[in-house]
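> just a sequence and a predicted model for now, questions to come.
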Amino acid sequence: MTTLPQPLTKGELVSLTPQHWRTRLEQAMQDEQQRMTRTRRLVLDWITAAEAPFSAETLVDDLTTRQGIISRPTIYRAVEWLRRTGWIGRIHHDGAEHTYARLLPGHYHHAVCTACGLTLVFGGCDLTQALLHTLVAHGFTVQGHLLELYGHCANCQQT
């Protein structure tokens with residue numbers, strides 16, 4: 001398995017597979033001594049196998065129906081923990097339910113196909129630097145940034 005360098009070099013683009021995402025997440029949990037609870041394991045299993053992007057409600061319905069997890073709030077807390085720690089990102093849709101895609105936390109930028117969920121991870125880009133330079137020139141103190149682009153991959157554009 002190809003591992004992602006940290007950080008990626010400028011202009012470098014790597015496809016994030018579900019298995020790679022899962023491996024990185026489990027390693028981070030182990031490094032941070034996070035517990036792998038039954039609910040977290042089932043949520044991670046589901047997200048790893050899911051066609052991304054996915055909705056939290058679909059995940060919750062599937063786990064409560066098929067896996068017999070009674071506590072919907074516990075599942076939602078697991079989803080929120082993944083979002084808050086940067087392992088999944090929320091995709092906003094006009095007038096529709098938000099969906100989520102697998103991401104990597106840390107200083108990465110992401111391009112996510114909103115049709116199939118393909119996630120491309122890329123290194124620093126001129127767009128980010130230009131924006132940061134402009135903000136600093138106007139007296140804005142930047143404390144961090146996140147760049148996520150959403151659209152359709154080449155395969156989904158052809159279908």
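That came through, no problem. Numbering: from 1, shown residues only.
> sec struct for residue 120, please.
Here residue 120 is recorded as strand under DSSP: H, G, I helix; E, B strand; the rest coil.
> from what I can see it touches residue 104, true?
No - counting by CB atoms under 8 Å, residue 120 stays clear of residue 104, with 11.1 Å between them. Using the backbone N, CA and C atoms, a C-beta is placed for each residue, glycine as well.
> per-residue confidence for the residue nearest the centre of the chain?
Centroid check for the chain by CA atoms, centre = their mean gives residue 103 as the closest residue, at 2.4 Å. As predicted, residue 103 sits at a pLDDT of 85.
> tell me where the chain has helices.
18-31, 38-49, 56-66, 72-84, 126-137, 154-158 (DSSP state H).
> possible to save those helices as CSV with mean neighbour count?
Shown next, in CSV, are those (neighbours: other CB atoms under 10 Å):
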stretch, mean neighbour count
helix 18-31, 15
helix 38-49, 17
helix 56-66, 15
helix 72-84, 16
helix 126-137, 11
helix 154-158, 10
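> for the ones you listed, which one sits closest to residue 112?
Of all the helices of the chain, it is helix 154-158 that lies closest to residue 112, at 11.3 Å by CB to CB.
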